[in-house]
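Q: Just the structure for this:
(one chain, ligands or ions: 2)
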Amino acid sequence: MRGREGGRPASARARGREKRPARPPTPTLSFPSHETGHYFAIDIGGTNFRVVYVSLDDSPGGVAAVEMRDTPIPDAAYICPAAGLFDMMARGLLDFGRDIGVLGEGEQPPTVGFCFSFPCDQTALDAGVLLKLTKRFQNEGAVGTDPVEQLRAAFARAGEPAAKVVALLNDSVGTLAGGRYTDPAVELGVILGTGTNAAYVETATSVPKLDAAAANSLRGGRVVVNTEWGGFADDSLPTLDADRELDAATPHAGEQLMEKQMSGMYLGEVARRLLVSLASSGVLFSGRVPKRLAEPGCVTTAHVARCDGDRSLALAATAAVLADALGATTTSYLDRRLVRRVCHLVALRSARLFATAVAALLRQIGRDASSGPPVAAAVDGGVFEHYALYRGYATAALVELLGRSAASRVRLNRVRDASSRGAAFLAAAADHAAQHAGAAPAPARELVAV
Ligand code: ADP
Ligand code: MG
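A: Ligands and ions are numbered 1, 2, ... in the order given. Have a look, this model is predicted:
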């Protein structure tokens with residue numbers, strides 16, 4: 001899987017030929033081992049900002065308590081200077097910890113795993129350099145800095161300078177860790193929410209970026225590779241006029257092209273643009289383009305899901321979506337059928353890309369065969385979670401790609417909140433590793449280099 005680093009004004013095709021992954025393998029850690037104690041995570045990267053508290057004990061499974069708080073990211077936070085964005089996160093975690101009674105007077109300062117879902121050049125478990133912002137984020141002063149340092153500074157500004165930020169990861173790595181914590185067959189962590197990405201467990205000696213000595217010195221001999229597959233783009237990714245127009249209208253034009261055909265932030269907008277083009281050419285709405293249809297963002301991925309799933313005789317759910325989203329109250333049955341068809345095709349294309357990318361990673365790790373033990377992908381994100389038909393399309397495409405027998409050995413585990421939990425688990429593992437540095441390794445439940 002090829003990723004790319006963004007920011008250069010070359011054409012998407014030229015960029016697609018670059019063979020360098022967007023980011024190096026993340027540093028090593030044995031996971032999960034015998035972590036115990038109280039840990040926090042901050043999970044940000046899309047629509048919601050989440051803070052998590054987990055209490056781990058030494059029992060099998062190990063999770064004694066989990067608390068979470070989800071907050072929609074306010075519009076201002078997408079465009080404010082970077083310090084404002086990090087202040088929101090630090091304050092959000094401290095308020096949450098106090099509200100649930102585990103931070104504040106007489107309590108230990110928090111130990112935090114930071115799930116920050118943007119391409120970073122990771123230099124240590126708790127350090128990296130932000131390569132680019134994606135999705136709606138345009139915060140000045142963020143790119144080129146270390147997100148962990150930014151978060152530490154924000155904790156200091158919020159009056160908690162002793163907060164420990166011990167792990168930096170993105171949501172695909174968090175999902176892999178969270179999914180694997182409970183299911184050892186998990187080899188892939190996949191995100192299909194606001195954005196899309198995947199991380200997988202790779203044999204260290206197969207990673208060209210690691211020299212042989214480094215690869216051989218890794219405990220367990222395996223590393224996690226963050227593919228940044230949302231950034232995939234080359235001649236094999238066909239595009240429509242609607243895709244090119246959508247891309248040109250985004251803050252990060254020319255980047256994340258596969259993400260723009262696949263993820264929740266964009267599917268509604270792809271559908272809207274196709275509907276505009278059908279209406280303008282007279283095929284839809286008798287050529288009368290509803291006024292609101294011209295407004296970017298008025299069709300969401302949830303609308304796409306509702307229309308696609310409409311099985312009523314008169315297509316009543318589609319009629320309701322057209323009335324709600326576009327103010328179009330007098331649509332014909334043929335209009336509604338065409339709208340449903342467009343929504344179906346937009347979702348189907350996404351699901352088939354999803355399956356293709358999963359199949360490519362399975363082939364890469366030699367797990368696409370019709371014999372051998374079962375393998376699982378942990379999948380987190382709003383699209384995969386809420387859109388049941390989509391999951392069916394993805395499964396059917398996997399069968400088409402791998403054959404029935406091989407596909408029957410592949411499980412797509414729908415795991416809610418895996419990225420956030422995984423970030424807290426990795427914080428625990430990092431803290432454990434730091435406390436036992438130099439000592440003989442604890443008998444790990446399972447050794448994986450992350
Ligand atoms: P994040 O990516 O911020 O972690 P989520 O995983 O919750 O957030 O995913 C948010 C995405 O889920 C949104 O882009 C939204 O379009 C999509 N989504 C929400 N509800 C639905 C739905 N009913 N059907 C399909 N997609 C949905
Ligand atoms: Mg998420």
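Q: Three-state assignment for the residue nearest to the spatial centre of the chain, please.
A: Nearest to the mean C-alpha position of the chain, counting by CA atoms, centre = their mean, stands I191 at 3.5 Å. On the three-state scheme (DSSP: H, G, I helix; E, B strand; the rest coil), I191 is labelled strand.
Q: hang on, isn't it packed against T175?
A: Yes. Using CB atoms under 8 Å, I191 is in contact with T175, at 6.2 Å. Any C-beta I mention is one placed from the backbone N, CA and C, and that applies to glycine too.
Q: Overlap in contacts, those two.
A: 379-380, 419 (CB atoms under 8 Å, 6 or more residues apart in numbering).
Q: Show the buried residues in the residues you listed.
A: 379-380, 419 (16 or more other CB atoms under 10 Å).
Q: Just the ones of these in strands?
A: With strands taken from DSSP state E, the overlap with the buried ones among the shared contacts of I191 and T175 comprises 379-380.
Q: Would you reformat the buried ones among the shared contacts of I191 and T175 as a markdown table and include pLDDT?
A: A markdown table is the format used below for the buried ones among the shared contacts of I191 and T175 (pLDDT from 0 to 100):
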| residue | pLDDT |
| --- | --- |
| V379 | 98 |
| D380 | 96 |
| S419 | 92 |
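Q: would you list the buried ones among the shared contacts of I191 and T175 in a markdown table and tack on distance to V410?
A: Listed next are the buried ones among the shared contacts of I191 and T175 as a markdown table, based on distance: CB to CB, whole Å:
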| residue | distance to V410 |
| --- | --- |
| V379 | 12 |
| D380 | 17 |
| S419 | 21 |
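Q: Format the shared contacts of I191 and T175 as JSON lines; extra columns: distance to ligand 2.
A: Below are those laid out as JSON lines (distance: CB to the ion, whole Å):
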{"residue": "V379", "distance to ligand 2": "11"}
{"residue": "D380", "distance to ligand 2": "6"}
{"residue": "S419", "distance to ligand 2": "5"}
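Q: which bits of this protein sit near ligand 2?
A: Residues of the chain lying near ligand 2 by CB under 5 Å from the ion: 171, 193.
Q: What's the separation between the residue of the chain most remote from its centre and ligand 2?
A: Farthest-out residue of the chain from its mean C-alpha position, per CA atoms, centre = their mean: S286, at 39.5 Å. Counting by CB to the ion, to the nearest Å, the gap from S286 to ligand 2 is 41 Å.
Q: In terms of pLDDT, where does that residue sit?
A: Each residue has a pLDDT score; the one for S286 is 91.
Q: How far away from the center of its chain is stretch 53-62?
A: Offset of stretch 53-62 from its chain centre (CA atoms, centre = their mean, to the nearest Å): 25 Å.
Q: May I see the buried residues of that stretch?
A: Result for stretch 53-62 [16+ other CB under 10 Å]: buried residues 53-56, 62.
Q: what sits up against that stretch?
A: Residues from elsewhere that reach stretch 53-62 (CB under 8 Å, 6+ apart): 32, 34-41, 63-68, 96-97, 100, 102, 181-182, 421, 424-425, 428.
Q: quick one on the thing from earlier: the buried residues of stretch 53-62 in strands, which ones?
A: Those of the buried residues of stretch 53-62 lying in strands (DSSP E): 53-56.
Q: could those residues go into TSV alongside pLDDT?
A: Supplementary listing: these in TSV, determined by pLDDT from 0 to 100:
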residue	pLDDT
Y53	96
V54	93
S55	93
L56	87
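Q: Indicate the residue of the stretch 201-350 of the chain located nearest to ligand 2.
A: Relative to ligand 2, the nearest point of the stretch 201-350 of the chain is G264 (10.0 Å; CB to the ion).
Q: Mind pulling up the pLDDT for that residue?
A: So G264 comes in at 97 (pLDDT).
Q: what's the distance between it and ligand 1?
A: Counting by CB to the nearest ligand atom, to the nearest Å, the gap from G264 to ligand 1 is 3 Å.
Q: phi, psi of that residue?
A: phi -60, psi -30 (degrees, to the nearest 10).
Q: Enumerate every residue touching it.
A: By CB under 8 Å, 6+ apart, the neighbours of G264 are 46-47, 192-195, 301, 381-383.
Q: what's the most distant pair in these?
A: Greatest spacing in those, by CB to CB: T47 and L192 (12.9 Å).
Q: joint contacts of these two?
A: Common neighbours of T47 and L192, using CB under 8 Å, 6+ apart, are 264, 382.
Q: So between those two, which is more surrounded?
A: L192 (26 against 16; other CB atoms under 10 Å).
Q: Could I get the contacting residues of the more buried one?
A: Contacts for L192 (CB under 8 Å, 6+ apart) come out as 262-264, 354, 379-384.
Q: For F40, list each beta-bridge partner.
A: Y53, V112 (DSSP bridges).
Q: ok, now which ones touch it?
A: If a contact means CB under 8 Å, 6+ apart, then F40 has 51-54, 93, 97, 110-113, 424, 427 as its contacts.
Q: Please determine how far L389 is located from T318.
A: Separation of L389 from T318 (CB to CB, to the nearest Å) stands at 14 Å.
Q: and the two? which has more neighbours close in?
A: Neighbours were counted for L389 and for T318 using other CB under 10 Å; T318 has more, 25 against 14.
Q: Might you calculate how far stretch 224-237 sits from the centre of the chain?
A: Distance of stretch 224-237 from its chain centroid, counting by CA atoms, centre = their mean, is 13 Å.
Q: quick one: the strands in the stretch 201-350 of the chain?
A: Counting by DSSP state E, counting those that start in this stretch, the stretch 201-350 of the chain has strands at residues 222-226.
Q: Would you confirm that K132 contacts D121?
A: No. With contacts counted by CB under 8 Å, K132 stays clear of D121, the gap being 10.5 Å.
Q: List phi and psi for the nearest residue to A185 once chain neighbours are set aside.
A: Ranked by CB to CB, 6 or more residues apart in numbering and with sequence neighbours excluded, the top spatial neighbour of A185 is A376, at 4.3 Å. Main-chain dihedrals, A376, degrees, to the nearest 10: phi -130, psi 150.
Q: pretty sure A376 is touching V186, no?
A: Yes. Using CB under 8 Å, A376 is in contact with V186, at 4.7 Å.
Q: joint contacts of the two?
A: Counting by CB under 8 Å, 6+ apart, the common neighbours of A376 and V186 are 179, 413.
Q: neighbour-wise, which of those two wins?
A: The neighbour comparison of A376 against V186 (other CB under 10 Å) goes to V186, with 24 against 20.
Q: Name the residues of this protein found near ligand 1, please.
A: Neighbours of ligand 1 within the chain, by CB under 6 Å from any ligand atom: 46-48, 193-194, 264-265, 300-302, 305, 381-383, 386-387.
Q: hmm, 8 Å instead?
A: Within the chain, the positions near ligand 1 by CB under 8 Å from any ligand atom are 43-48, 50, 73, 117, 171, 191-195, 263-265, 267-268, 300-302, 304-306, 380-383, 385-387, 390, 419.
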